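>>> pasting the structure only:
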């Protein structure tokens, strides 16, 4: 399926478990834009010295055939990703990440407000992060492993204790793919938020300011990242049946 035939931007669609291949050679975009990325990194770190230039997975190609989503990516410095995020040229690549929807026993989505030292400071979305080297095994990135790791690091919650729905879903906006999976917890939203608050209090440098319980799709309720409003619209419409 050509890009012109992909589902429309901002529309959630079902997929099977994504196949994410990881190349061992440098990303062409990184090779081409390394000097621009380095110059931009000086600007970014002057504004936020806490940023770390680690390696993350940046996709070169994404393919959608029916419910099959596959991608070919390369590890790039975070500085390259930040430069891409500003420019997003049509011949650059795609960002793809996993978004675990943690749903409480009383029907709330548990999201987080990001810490002031992070690149998405103050933004609200479900605990998530870029795929990195720790998520790669035998040349493939494991999106479920990434989801478990990010949720544990940011909130202290263990997705192994949740009931994971079997299916996956995706949406794309402005060359960013969000892969969604639903995890249902036995605890109430209030209980989960208490656990997260305790985790944040125990961390010397927590990644998040705190947790947010979301019970409806109002896009103005919080300072959401762009992918969150369509995900909330889809989820709460789905729950109503």
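Thanks, I have it. Owing to the predicted nature of the structure, the values given are computational and were not obtained by experimental measurement.
>>> buried residues in the longest helix along the chain?
Longest helix in the chain by number of residues (criterion: DSSP state H): helix 28-47. Using 16 or more other CB atoms under 10 Å as the burial criterion, the residues of helix 28-47 that qualify are 29, 30, 33, 34, 37, 40, 41, 44. Any C-beta I mention is one placed from the backbone N, CA and C, and that applies to glycine too.
>>> what sits against the last one?
With contact taken as CB atoms under 8 Å, 6 or more residues apart in numbering, residue 44 is in contact with 51, 79, 82, 119.
>>> state the pLDDT value of the first one.
Per-residue pLDDT puts residue 51 at 96.
>>> picking that back up, any of the contacts of residue 44 buried? List them.
Among the contacts of residue 44, those classed as buried by 16+ other CB under 10 Å are 51, 79, 82.
>>> will you turn the residues you listed into a markdown table that also has distance to residue 25 and secondary structure?
Below are the buried ones among the contacts of residue 44 laid out as a markdown table (distance: CB to CB, whole Å; DSSP: H, G, I helix; E, B strand; the rest coil):
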| residue | distance to residue 25 | secondary structure |
| --- | --- | --- |
| 51 | 26 | coil |
| 79 | 19 | helix |
| 82 | 22 | helix |
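>>> so where do the helices sit in the chain?
Counting by DSSP H, the chain has helices at residues 28-47, 78-87, 143-155, 189-202, 228-240.
>>> distance of the residue nearest to residue 212 when sequence neighbours are not counted relative to residue 90?
Closest residue in space to residue 212, ignoring its immediate chain neighbours: residue 111 at 4.6 Å, by CB to CB, 6 or more residues apart in numbering. Going from residue 111 to residue 90 by CB to CB, to the nearest Å gives 31 Å.
>>> for those two, indicate the residue with more neighbours.
Between residue 111 and residue 90, counting by other CB atoms under 10 Å, residue 111 is the more crowded of the two (26 against 6).
>>> pLDDT value on that one, please?
Per-residue pLDDT puts residue 111 at 99.
>>> residue contacts, the spatially closest residue to residue 152 that is not a sequence neighbour?
Among residues not flanking residue 152 along the chain, residue 158 sits closest, at 6.2 Å (CB to CB, 6+ apart). Neighbour list for residue 158: 148, 151, 152 [criterion: CB under 8 Å, 6+ apart].
>>> the second one: what's it in contact with?
To tie it back to what came earlier, the one meant is residue 151. Residue 151 neighbours (CB under 8 Å, 6+ apart): 100, 102, 127, 157, 158, 159.
>>> any idea how far the closest residue to the first one other than its chain neighbours lies from residue 22?
Nearest residue to residue 100 in three dimensions, chain neighbours excluded: residue 147, at 4.2 Å (CB to CB, 6+ apart). Residue 147 sits at a distance of 17 Å from residue 22 (criterion: CB to CB).
>>> what of residue 57?
From residue 57 across to residue 22, the span is 6 Å (CB to CB).
>>> for residue 233, same thing?
Spatial separation of residue 233 from residue 22 under the definition CB to CB is 32 Å.
>>> now swap in residue 146 and tell me
12 Å.
>>> the two: which has the busier surroundings?
The neighbour comparison of residue 146 against residue 22 (other CB under 10 Å) goes to residue 146, with 24 against 20.
>>> doesn't residue 131 make contact with that one?
Yes. With contact defined as CB atoms under 8 Å, residue 146 reaches residue 131; the gap is 5.2 Å.
>>> tell me, what's touching the two both at once?
Common neighbours of residue 146 and residue 131 (CB under 8 Å, 6+ apart) are 97, 98.
>>> where in the chain is pLDDT low?
Applying pLDDT under 70 to the chain flags residues 1.
>>> switch the cut-off to 80
Scanning the chain with the threshold set as pLDDT under 80 gives 1-4, 241.
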